[in-house]
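Participant: Test case, fold it:
(4 chains)
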Number of protein chains: 2
Amino acid sequence: MINTEKDGKESNRDYALRVIRENIIKLELKPGFMISEQDIADELKLSRTPVHEALQELARTKIIEILPQRGSLVSHINMTLVDEAVFMRATIEAAVTEQAAQMATEKDIQELQENVNLQIFYHSSGNLDKIMELDNQFHEMMYRITNKMQCHFMVKTMNIHYDRFRELRMHSSATESVIEEHRLILEAIKNKDGEKAKQILLGHLNKHYADEKDVRKKYPEYFA
Amino acid sequence: MINTEKDGKESNRDYALRVIRENIIKLELKPGFMISEQDIADELKLSRTPVHEALQELARTKIIEILPQRGSLVSHINMTLVDEAVFMRATIEAAVTEQAAQMATEKDIQELQENVNLQIFYHSSGNLDKIMELDNQFHEMMYRITNKMQCHFMVKTMNIHYDRFRELRMHSSATESVIEEHRLILEAIKNKDGEKAKQILLGHLNKHYADEKDVRKKYPEYFA
DNA sequence: ACTTGTATACTTGCATACTAGTTTACTTTA
DNA sequence: TAAAGTAAACTAGTATGCAAGTATACAAGT
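Facilitator: Below you'll find the model as predicted:
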């Protein structure tokens, strides 16, 4: 298991949760693999308690399955749950983005513009990590503008299924079109055209998903 | 605290979670009230561990706030979170209901019809509890038909904020129009008219919410 | 009266101990 | 050889103990 350092601020429980989640998404903890609280606790140099609590939380999203007195199973990739994660994000974020076009203040629009500018900048210097970070921030801003941070949290939580699934594709980077779509969404928000912002977003989110689905054939052992 | 009996199947943790949640929704544990793990553990005749884990889970939805070394605060009613819960349910369920109109099998439609028939039956005999149960089942069936059970779980989890808020209104029972709206949704599904099913549902869910909002003035001490 | 110091009794986070159930490996028995 | 029995080594659920931080009550000093 890849063990990144503990952030001083986070509790042992949050630390365990973060590390386990990262390892599941990166497929370091493979679908179908059995894990035990004690093993993870040893690796992270913690007691079972915070690990136990982290696993409880992961089980709620069905990314692991706790089998009492036997251990915890890293769930196989379940396309129903992947579909649900994509559906939930697309549905909520479409509505949120539409609202954002009505609610965005001048300051919000400036921040979005700044974000898009930075995306263009880092694209020219080829910094993909930074672009992905800005991408996430761009979408998160829609939730912030419309006071929907708890929805964002729920969407993000559920999205672990899609994050893991997408990992199979490695980094299919159509960076250029992604940035252009962000620019178009911002344009629609500037014009207070919620319907248009929504439509671009939906295309933006669903575009690649259809293609991705056939990855399943390459890693059949990972799937349910 | 109202302490319903422990169901044989549920773990101590789930038992604690259920009882605490029920007490928060029923306003038996009042907004702004401080609770301690030990007190609840004593009342439920459990150790702190399962109570601690239940509180962790409730804190994730922000219905309580854990203040380390101080205790846990039953959150004041936060209208942003209530709005988010309503928004999330309406948005997801509209999309789900629209899909259900395409995906429902003959058997699904029969089950929905049976449900509506029972609602009419229990309406004539004045059994409000039974109607509420059937109401929940009717909506849940949309998620089942479209394979969106995890979305249902997330929506239900978040809806605790609205459930508690609605408790202030006592039972404002416009039962008759509710049942009629269910009938109309089913009709639209039979005709495979997803758009119409969606529109009726959105009206159905949002109808009363606007009126409810002024309850705030009656219980200012419960609000953030 | 008011501040300051201090002892005490709380609180949760986490570690550890115990319980009960499952799996595994090995031994016994036919 | 194969089945049945058994002990040991695991598992998670839960109880308990300890550490460290916070609130409270009260006394001492100004």
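
Participant: Look at A:I145 and say how many residues are nearby.
Facilitator: Number of residues near A:I145 (other C-beta atoms under 10 Å in any protein chain shown) recorded here: 23. Where C-beta positions appear, they are placed from N, C-alpha and C, glycine not excepted.

Participant: where does the spatially closest residue to it that is not a sequence neighbour land in three-state SS?
Facilitator: Nearest residue to A:I145, sequence neighbours excluded (C-beta to C-beta, 6 or more residues apart in numbering or on different chains): A:A100, at 4.6 Å. At A:A100 the chain is in helix, as set by DSSP: H, G, I helix; E, B strand; the rest coil.

Participant: any idea how far A:A174 is from DNA strand C?
Facilitator: 41 Å (C-beta to the nearest atom of the strand, to the nearest Å).

Participant: scratch that, A:E37
Facilitator: Applying C-beta to the nearest atom of the strand, the value for A:E37 to DNA strand C is 9 Å.

Participant: same thing with A:K62?
Facilitator: For A:K62, the distance to DNA strand C equals 20 Å [C-beta to the nearest atom of the strand].

Participant: Repeat that for A:A197.
Facilitator: 40 Å.

Participant: Run through the residues that contact that residue.
Facilitator: Contact partners of A:A197, counting by C-beta atoms under 8 Å, 6 or more residues apart in numbering or on different chains, are A:T97, A:E98, A:A100, A:A101, A:I185, A:A188, A:I189.

Participant: Up against DNA strand D, what does chain A have?
Facilitator: Within chain A, the positions adjacent to DNA strand D are A:35-39, A:48-49, A:52, A:56, A:66-72 by C-beta under 7 Å from any atom of the strand.

Participant: for chain A, what are the low-confidence residue spans?
Facilitator: A:170-173 (pLDDT under 70).

Participant: Walk me through the domains of it.
Facilitator: With domains defined by automatic domain parsing, chain A comprises A:12-74, A:79-217.

Participant: Can I get the ones you listed in JSON lines including distance to B:I145?
Facilitator: Formatted as JSON lines, those follow (distance: least, C-beta to C-beta, whole Å):
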{"stretch": "domain A:12-74", "distance to B:I145": "20"}
{"stretch": "domain A:79-217", "distance to B:I145": "13"}
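
Participant: among those domains, which is nearest B:T91?
Facilitator: Between B:T91 and those, the tightest spacing by C-beta to C-beta is seen for domain A:79-217, at 4.7 Å.

Participant: Quick check: end-to-end length of the closest one?
Facilitator: 13 Å (C-alpha to C-alpha, to the nearest Å).

Participant: Over to stretch A:155-168?
Facilitator: Note: stretch A:155-168 ends 21 Å apart using C-alpha to C-alpha.

Participant: ditto for stretch A:42-50
Facilitator: Using C-alpha to C-alpha, the distance between the terminal residues of stretch A:42-50 is 12 Å.

Participant: Close to chain B: what parts of chain A are there?
Facilitator: A:13, A:53, A:56-57, A:60-62, A:80-81, A:83-84, A:87-88, A:91-92, A:95, A:147-148, A:150-151, A:154, A:157-158 (C-beta under 8 Å from any C-beta of the partner chain).

Participant: Of those, just the buried ones, ChimeraX syntax please.
Facilitator: Here is the ChimeraX command that selects the buried residues among those (16 or more other C-beta atoms under 10 Å in any protein chain shown):
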select /A:13,53,56,57,61,62,81,83,84,87,88,91,92,95,147,148,150,151,154,157,158
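
Participant: Just the helices from chain A, written as ranges.
Facilitator: A:12-25, A:37-44, A:48-60, A:79-103, A:106-124, A:128-145, A:149-158, A:160-167, A:175-190, A:194-206, A:209-212 (DSSP state H).

Participant: now those as a markdown table including distance to B:E114?
Facilitator: Shown next, in a markdown table, are the helices of chain A (distance: least, C-beta to C-beta, whole Å):
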| stretch | distance to B:E114 |
| --- | --- |
| helix A:12-25 | 41 |
| helix A:37-44 | 45 |
| helix A:48-60 | 32 |
| helix A:79-103 | 26 |
| helix A:106-124 | 49 |
| helix A:128-145 | 40 |
| helix A:149-158 | 31 |
| helix A:160-167 | 33 |
| helix A:175-190 | 45 |
| helix A:194-206 | 35 |
| helix A:209-212 | 36 |
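
Participant: Nearest to B:R166, out of the ones you listed?
Facilitator: With C-beta to C-beta, the closest approach to B:R166 among these belongs to helix A:149-158: 17.8 Å.

Participant: Rebuild the contacts of A:A197 as a markdown table, extending it with neighbour count.
Facilitator: As requested, the contacts of A:A197 are arranged in a markdown table below (neighbours: other C-beta atoms under 10 Å in any protein chain shown):
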| residue | neighbour count |
| --- | --- |
| A:T97 | 28 |
| A:E98 | 21 |
| A:A100 | 28 |
| A:A101 | 23 |
| A:I185 | 25 |
| A:A188 | 22 |
| A:I189 | 25 |
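
Participant: which non-adjacent residue is nearest A:S47?
Facilitator: Nearest to A:S47 is A:A41, by C-beta to C-beta, 6+ apart, at 5.8 Å.

Participant: Assess the claim that that neighbour and A:L55 are in contact.
Facilitator: No - with contacts counted by C-beta atoms under 8 Å, A:A41 stays clear of A:L55, the gap being 10.5 Å.

Participant: so what's the backbone phi/psi at the residue sitting furthest away from the middle of chain A?
Facilitator: Going by C-alpha atoms, centre = their mean, the residue of chain A most distant from its centre is A:Q69, 31.3 Å out. With angles defined as degrees, to the nearest 10, A:Q69 sits at phi 60, psi 10.

Participant: Which residues are in contact with each of A:A41 and A:L55?
Facilitator: Shared contacts of A:A41 and A:L55 (C-beta under 8 Å, 6+ apart): none.

Participant: Count residues in the vicinity of A:R169, would you?
Facilitator: Using other C-beta under 10 Å: A:R169 sits among 12 other residues.

Participant: re earlier: give me the number of residues near the residue nearest to A:S47?
Facilitator: 18.
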